[in-house]
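Can you look at this prediction? I've put the sequence above it.
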Amino acid sequence: MCPSAHHIGVSDTQQTMNRHQHGESPTRESARRARFSHGAGFWVIAAAFLISMGFTVVTTPLWSIYQARDGLSTFMVTVAFATYAVGVLVSLFLAGHISDWMGRRTILLPAILIEALAAVLFIFWNDLPGLIVARFVSGIGIGMITATATAHIFELHSRAHPGRGRARSDIVSTAANIGGFAVGVIVSSALVQFAPDPTVTPFVVFLILLLLAALAVAFVPETVVAEAERRRYRPQRVSIPQAARTRYFAAAAIAFAGFAVLGLFTALAPSFVAGELHDTSHLVGGAVVFATFASAAVLQIGVRRFSSNTAVVTGLVLYVAGFVALVAAVEAVDLLLFVVGGVLAGGAAGILFSTAISAAGQAAARENRGEALAGIFLSGYAGLVVPVVGLGAATLAVSMSAALIGFAVLVVVIAVIGSVVFLRAAAPRES
């Protein structure tokens, strides 16, 4: 994480003073409801964030089972996968920003319960229509969670450790987000491989975890007081100072490219490993995805002391190298090379996405932090769905190898353009 991302406009101490001066400290009612300190609440929200993100990839090792059971094409798998991202996009646009004035906990608690509802749907309605509905419902919940949890983690850390900077909160929120994918896919893959009733057991396990997370979140301190006068609702928009807009939108392009890698591996990697690379173990397929997401979570921590520009250059180099290795692995039918490509591209995705999140936080005013982060997530989830659906549609006309090459060229071009614009745009001055 880059040092320049450790402050947003004013110091954390000054922000905290400003909140108290303007009546922005938690209300007495909120304080009575909270049972955790701000420091403990920081870890509770991070854990709830990780569990929620982990739940979204429970289906990853199951797609090959659904394909064999229901005779689904690769295109139908990508459609079912994409309905989740569509739900996220709809939710981010309509509700990703409202925690800025309604309160973080107020939005997180029902959002986690929506994820629990999706788990129930997966358990009792797991044919193709049910999968599509459950994925969409899950997306709605995650669209409410992502930016809200990210902002809540930062604010809880600021209250618990005023003046310490935002490095830890940036690392923890991004690790919970992307690391949640890694944890979710390896847990789900192990359950699918070894537990009874593989299309049900993983969802039961995560349903229990989600309900426990919701219970814990109910006792976390609120960091945003609901406004006395109800604000007129409006859909998502992003308020960024004029001087920072070029860099912000370049960061959005970088997030798009980063999430495209995650979408590729979440939707297709296990099926690809089983079909093209001829390894039918669900645990092996899940391990490939786990390695990709674990690399994304770890490398974004490893570069936290880099400047944002150095991080982008590093991420871009790894991104290109990863896709070169992936295409070569497909041509050579080489599982090890495929894993290497996933680790490189996944690590690049983590670096690029965490840099984009930091740039968004740096660009936005405090009162617009949630919607600025929601805008980056909106772009990221567009990257999760659009290229992958295009890849799935392409397999109806060309080979998987040819479709993957086209996918690689598209997302690499977007990553290069976004990175170049980001590097040329000046970072906003800190005050």
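Arrived safely, thanks for sending.

From H157, how far off is A95?
24 Å (CB to CB, to the nearest Å). Backbone N, C-alpha and C define where each C-beta goes, glycine included.

Ok, G375 next?
With CB to CB as the criterion, G375 and H157 are 22 Å apart.

Neighbour count for A95 and H157, which is higher?
H157 (28 against 22; other CB atoms under 10 Å).

Now name the helix or strand holding the more buried one.
helix 128-160 (DSSP states H and E).

can you check V120 too?
helix 104-124.

Could you do T83 as well?
Per DSSP H and E: T83 is located in helix 74-95.

helices or strands up against that helix?
helix 63-70, helix 128-160, helix 245-275, helix 369-394 (3 or more CB pairs under 8 Å, 6 or more residues apart in numbering; DSSP states H and E).

And the last one, what's buried?
Spelled out, that is helix 369-394. 369-389, 391-392, 394 (16 or more other CB atoms under 10 Å).

mind listing what's buried in stretch 298-312?
298-301, 303-304, 306, 308-309, 311-312.

So which bits of stretch 71-79 are buried?
Here stretch 71-79 shows 72, 74, 76-79 as buried, counting by 16+ other CB under 10 Å.

any idea how far the residue nearest to L378 when sequence neighbours are not counted is from P235?
Nearest residue to L378 in three dimensions, chain neighbours excluded: L92, at 4.5 Å (CB to CB, 6 or more residues apart in numbering). Here the criterion is CB to CB. By it, L92 lies 10 Å from P235.

Those two - which one has more neighbours?
Each of L92 and P235 has its neighbours counted (other CB under 10 Å); L92 has more, 30 against 11.

And that one, how close does it get to A80?
20 Å.

For the residue positioned nearest the centre of the chain, I want the exact helix or strand it lies within.
Geometric centre of the chain, nearest residue: N177, 4.9 Å, by CA atoms, centre = their mean. Element membership for N177 (DSSP H and E) is helix 167-194.

which secondary structure elements does that helix contact?
helix 38-55, helix 128-160, helix 201-217, helix 245-275, helix 282-302, helix 335-363.

Of all the ones you listed, which one is nearest Q67?
Of all the helices and strands packed on helix 167-194, it is helix 245-275 that lies closest to Q67, at 6.3 Å by CB to CB.

Now do the buried residues in that closest one.
For helix 245-275, a neighbour-count test (16+ other CB under 10 Å) marks 246-274 as buried.

what sits against the residue lying closest to I132 once chain neighbours are set aside?
Counting by CB to CB, 6+ apart, T83 is the residue found nearest to I132 once chain neighbours are left out, at 4.9 Å. Going by CB atoms under 8 Å, 6 or more residues apart in numbering, T83 touches 132-133, 135-136, 139.

Among those residues, which one sits closest to G286?
Looking across those and measuring by CB to CB, the closest to G286 is R135, at 18.3 Å.

check contacts around the residue lying closest to the closest one once chain neighbours are set aside.
With sequence-adjacent residues excluded and distances taken as CB to CB, 6+ apart, R135 is closest to Y84, at 4.0 Å. Shown in contact with Y84 (CB under 8 Å, 6+ apart): 56, 135-136, 138-139, 142.

got it, and V284?
V273.

if we can go back for a sec, please report how far the residue nearest to L378 lies from I240.
L92 is 16 Å from I240, by CB to CB.

Next: A260.
In this view, A260 and I240 are 23 Å apart by CB to CB.

do V133 as well
Separation of V133 from I240 (CB to CB): 35 Å.

Please apply the same query to S99.
S99 is 18 Å from I240, by CB to CB.

more crowded one of these two?
S99 (27 against 20).

hang on, the earlier thing: list the buried ones in the helix holding N177?
Residues 167-192 are the ones in helix 167-194 that count as buried (16+ other CB under 10 Å).

List the contacts of F323.
So F323 contacts 341, 345, 408, 411-412 (CB under 8 Å, 6+ apart).

V57 falls within a strand, correct?
No - using DSSP: H, G, I helix; E, B strand; the rest coil, the secondary structure at V57 is coil, not a strand.

So what's the residue count around it?
Applying other CB under 10 Å, I find that V57 has 27 neighbouring residues.

which residues does it contact?
Counting by CB under 8 Å, 6+ apart, V57 has contacts 181, 184-185, 188, 266, 289.

And it, its phi and psi?
For V57, the backbone dihedrals (degrees, to the nearest 10) come out as phi -110, psi 10.

And stretch 153-167, how far out from the chain middle?
21 Å (CA atoms, centre = their mean, to the nearest Å).

then it to PDB, C-alphas only?
In PDB, the C-alpha atoms belonging to stretch 153-167 read as follows (Å, rounded to 0.1, in the frame of the first residue of the first chain):
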ATOM      1  CA  ILE A 153     -13.300  -0.600   8.800                       C
ATOM      2  CA  PHE A 154     -11.400   2.600   8.200                       C
ATOM      3  CA  GLU A 155     -13.600   4.600  10.500                       C
ATOM      4  CA  LEU A 156     -13.500   2.100  13.300                       C
ATOM      5  CA  HIS A 157      -9.700   2.000  13.100                       C
ATOM      6  CA  SER A 158      -9.600   5.800  13.100                       C
ATOM      7  CA  ARG A 159     -11.700   5.900  16.300                       C
ATOM      8  CA  ALA A 160      -9.700   3.200  18.000                       C
ATOM      9  CA  HIS A 161      -6.200   4.600  16.900                       C
ATOM     10  CA  PRO A 162      -6.500   8.300  16.100                       C
ATOM     11  CA  GLY A 163      -3.500   9.700  14.300                       C
ATOM     12  CA  ARG A 164      -2.100   6.300  13.400                       C
ATOM     13  CA  GLY A 165      -2.900   6.500   9.700                       C
ATOM     14  CA  ARG A 166      -4.900   4.300   7.400                       C
ATOM     15  CA  ALA A 167      -2.300   1.700   6.400                       C
END
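
what mean pLDDT would you report for that stretch?
Here stretch 153-167 scores 85 as its mean pLDDT.

mind putting the helices and strands packed on helix 74-95 in JSON lines, distance to T199 included?
Putting those into JSON lines (distance: least, CB to CB, whole Å) gives the following:
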{"stretch": "helix 63-70", "distance to T199": "6"}
{"stretch": "helix 128-160", "distance to T199": "10"}
{"stretch": "helix 245-275", "distance to T199": "14"}
{"stretch": "helix 369-394", "distance to T199": "21"}
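
Minimum distance to A321: which of the ones you listed has it?
Within the helices and strands packed on helix 74-95, the stretch nearest A321 is helix 245-275; the backing value is 12.4 Å (CB to CB).
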